[in-house]
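**Student:** Make a model of this:
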Amino acid sequence: MMRVAPAVGIVALLCVPLAAAQPAPAARFEVADVRPSVASGDGPPAANSTARIGVPRNGRYEIRRATMVDLIRTAHGVEADKVVGGPHWLEMNRFDIVAKVPSSASRETVMPMLQTLLAERFGLVTRQEMKPVKANALVRSGGELRLRDAASPGTCQQNISTNAAAGMLTMTMTCRGVSIAALAELLTRTPSLAGITGPVVDASSLPGSYDFDLAFVPTVLANNSGGQTFAQALANLGLKLEPRELPLPTITVERVNDTPTPNDAAAVAAAFPPQPPLEFDVAEIKPSAPGARAAQQILPNGQLTLNAIPLRSMIGLAWNPPNAASIVGPRELDNTFDLIARMGGGMTQIDQEILGPMLQKLLIDRLNLKVRWEEREVKGYSLVADGKHKLVKSDPASRTRCTSASSTSSSASSSSGVTSIVGLTQTMTCQNMTMGEFAAQLQRLGGSYFQVPVLDETGIEGRWNFTLSFSPPGLAQALANARASAGVTQAAPGGAGTASDPTGEMTIEQAVERQMGLKLRSRQRAGRVLVVDYVADKPTPNN
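**Tutor:** The predicted structure is shown next:
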């Protein structure tokens, strides 16, 4: 009997390290509602399919309209171009996720939860690797450092202003309480603002947070505009971007399913009961003063300011119809208003998901607005093939995607030497795309040009590569309106002071025909319009 006890003790000791070596349980969302992105609310789906990656708030974490690449980069904390491999649809199919999280959850703590969800609900299998990648190091330039120390963390707000006389748009980034690392992350997420190719990495060795401003001509308008470039604006702060090859994490997708496993309907219903309508904490709306100039601004504290904005445009922000032609109603829709409103509940991130319902409630309450969606005959388009197309066969193993780049043409006034923008071009480079997929993308790519989705009637099978360059109607029209309101005529290619059509501009219809060998044919189709039945002459008094 005396020999048994030591043997039992040895077995017990051997079991301790084995038990301790077991991996910790995977972090999981308490409940998650996962589904493909579809139209929501009582209106048509938004034409803009940009992903919205939220932050955990009040026990909820929401991701809207996210591709699988968006989900993977968010879960692993890498840029989109570091997600490689996988099936062709990784940048096309979009998903919505609403998850229940602890009240203390942060952007960082939900990352492993999202990783678990992707593995369990989509069967995602990946491997992580460090690879040398061409990047941009954000470093000190060697000149005077013009950054002001900040007492508290904040964010960067972006605004575009118009100089009608010079035919120029200027991007302003107002940053308060922002670290250099956070600025690098912002530039990585929105590279088109500054014309940056590849990720931006903070290599400045500057600790803390700072207040600073950056004003520059966006890359889309930088060619011969005479404005300050982003590199010059950065140099004014004592910083610069330096090309380097840096080891950065990449995620290789080995396999993933395009359909998530079904939701637990009962658990989702219990976890996410209907929410009360969102509304502004404080709001003031009044008719605009005669001759007031239109402007809009979003501040870091969640304040929205609209000056001299037509009611039609406010309704567009609230209900998000495809374009202005989708709003019909009385002439009072052209009346202009000033609005100052602030969100409650500590919210500072304003986007269509949040702003729309708040603005709807405000306009209904203060202007007694009566609106409804109605199906009517509207102008639609079909993509057709009347002859030989100009498409190029695609590599079936490549990703299905469309990337966008913009450029300008300009002309100098012979009398004043002022350089004015006379042409804007948006170039879409698409790969491994069917004509059905392209037709479905056209409403988003064409901005407000299409009132209803484009139908594919080409009969062309297979996957193709092609490039489409056209003049974006929204941006070109905005600049033309700004010139007209300032009494400035368009500079002609041969001289100043005479009106002419902008050079080099091509509608999307012309571009499809000339560059792709296809046609966009106009057809009357059933579509939904937002009917305004009644609006008060003036808003109820402010509180």
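
**Student:** what about the nearest residue to residue 537 once chain neighbours are set aside, neighbour count?
**Tutor:** Leaving aside its chain neighbours, residue 537 sits nearest to residue 332 (7.0 Å; criterion: C-beta to C-beta, 6 or more residues apart in numbering). Every C-beta, even on glycine, is put in place using the N, C-alpha and C of the backbone. Residue 332: 15 surrounding residues under other C-beta atoms under 10 Å.

**Student:** Tell me where this protein has helices.
**Tutor:** 4-20, 68-76, 111-122, 180-189, 230-236, 265-271, 311-319, 352-367, 435-445, 473-485, 508-516 (DSSP state H).

**Student:** Let me know which of these is the nearest to residue 293.
**Tutor:** helix 473-485 (7.8 Å; C-beta to C-beta).

**Student:** quick one, what contacts residue 208?
**Tutor:** Residues in contact with residue 208, defined by C-beta atoms under 8 Å, 6 or more residues apart in numbering, are 149-150, 179.

**Student:** between the residues you listed, which is nearest residue 112?
**Tutor:** The shortest gap between residue 112 and any of those belongs to residue 179, at 23.7 Å (C-beta to C-beta).

**Student:** Got the confidence number for the closest one?
**Tutor:** Note for residue 179: predicted pLDDT of 92.

**Student:** Quick check, it in contact with residue 205.
**Tutor:** No. If you go by C-beta atoms under 8 Å, residue 179 and residue 205 don't touch, sitting 11.9 Å apart.

**Student:** Between those two, point out the one with more neighbours.
**Tutor:** residue 179 (18 against 8).

**Student:** Give me the distance between that one and residue 210.
**Tutor:** 7 Å (C-beta to C-beta, to the nearest Å).

**Student:** Repeat that for residue 87.
**Tutor:** 43 Å.

**Student:** Please compare the two by neighbour count and tell me which comes out ahead.
**Tutor:** residue 210 (21 against 16).

**Student:** partner residues bridging that one?
**Tutor:** As for beta bridges, residue 210 partners with residue 149, residue 178 under DSSP bridges.

**Student:** Burial check on the closest residue in space to residue 54 that isn't next to it in sequence, number of neighbours?
**Tutor:** Counting by C-beta to C-beta, 6+ apart, residue 62 is the residue found nearest to residue 54 once chain neighbours are left out, at 4.3 Å. Applying other C-beta under 10 Å, we find 16 residues neighbouring residue 62.

**Student:** can you give me the offset of stretch 332-348 from its chain's centre?
**Tutor:** Averaged C-alpha coordinates place stretch 332-348 at 21 Å from its chain's average position (C-alpha atoms, centre = their mean, to the nearest Å).

**Student:** then that stretch to PDB, C-alphas only?
**Tutor:** C-alpha atoms of stretch 332-348 as PDB (Å, rounded to 0.1, in the frame of the first residue of the first chain):
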ATOM      1  CA  GLU A 332     -41.600  74.200 -51.700                       C
ATOM      2  CA  LEU A 333     -38.900  71.500 -52.100                       C
ATOM      3  CA  ASP A 334     -36.700  74.200 -53.600                       C
ATOM      4  CA  ASN A 335     -36.900  76.400 -50.400                       C
ATOM      5  CA  THR A 336     -33.500  76.600 -48.600                       C
ATOM      6  CA  PHE A 337     -32.900  76.100 -44.900                       C
ATOM      7  CA  ASP A 338     -30.200  76.300 -42.300                       C
ATOM      8  CA  LEU A 339     -29.800  73.400 -39.900                       C
ATOM      9  CA  ILE A 340     -27.600  72.900 -36.800                       C
ATOM     10  CA  ALA A 341     -28.000  69.600 -35.000                       C
ATOM     11  CA  ARG A 342     -26.000  67.500 -32.600                       C
ATOM     12  CA  MET A 343     -26.300  63.800 -32.000                       C
ATOM     13  CA  GLY A 344     -26.900  62.400 -28.500                       C
ATOM     14  CA  GLY A 345     -25.700  59.300 -26.700                       C
ATOM     15  CA  GLY A 346     -22.000  60.200 -27.200                       C
ATOM     16  CA  MET A 347     -22.200  59.400 -30.900                       C
ATOM     17  CA  THR A 348     -19.700  61.300 -33.100                       C
END
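
**Student:** Pull out the buried positions in it.
**Tutor:** 333, 335-343, 347-348 (16 or more other C-beta atoms under 10 Å).

**Student:** which secondary element of this structure has the worst mean pLDDT?
**Tutor:** helix 4-20 (a mean of 42; mean pLDDT, DSSP states H and E).

**Student:** just curious, which of the buried residues of stretch 332-348 is nearest to residue 263?
**Tutor:** residue 347 (26.4 Å).

**Student:** okay, the closest one: pLDDT?
**Tutor:** Value for residue 347, per-residue pLDDT: 53.

**Student:** Name the residues that touch stretch 141-156?
**Tutor:** Residues outside stretch 141-156 that contact it (C-beta under 8 Å, 6+ apart): 173-178, 182-183, 186, 206, 208-212, 234-240, 300, 348.

**Student:** For burial, what's the neighbour tally of the residue nearest to residue 377 when sequence neighbours are not counted?
**Tutor:** In space, and not counting its chain neighbours, residue 377 is closest to residue 524: 5.0 Å by C-beta to C-beta, 6+ apart. Other residues within reach of residue 524, judged by other C-beta under 10 Å, total 10.

**Student:** mind checking how far residue 524 is from residue 238?
**Tutor:** Counting by C-beta to C-beta - residue 524 and residue 238 are separated by 59 Å.

**Student:** circling back to that earlier point, mind putting the helices of the chain in a markdown table, mean neighbour count and distance to residue 138 included?
**Tutor:** Output for the helices of the chain, formatted as a markdown table (neighbours: other C-beta atoms under 10 Å; distance: least, C-beta to C-beta, whole Å):
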| stretch | mean neighbour count | distance to residue 138 |
| --- | --- | --- |
| helix 4-20 | 9 | 43 |
| helix 68-76 | 22 | 20 |
| helix 111-122 | 19 | 23 |
| helix 180-189 | 20 | 5 |
| helix 230-236 | 18 | 8 |
| helix 265-271 | 13 | 41 |
| helix 311-319 | 21 | 34 |
| helix 352-367 | 19 | 31 |
| helix 435-445 | 20 | 32 |
| helix 473-485 | 16 | 28 |
| helix 508-516 | 18 | 37 |
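
**Student:** tell me, which of those helices is the model least confident about?
**Tutor:** Here these differ in mean pLDDT, and the lowest is helix 4-20 at a mean of 42.
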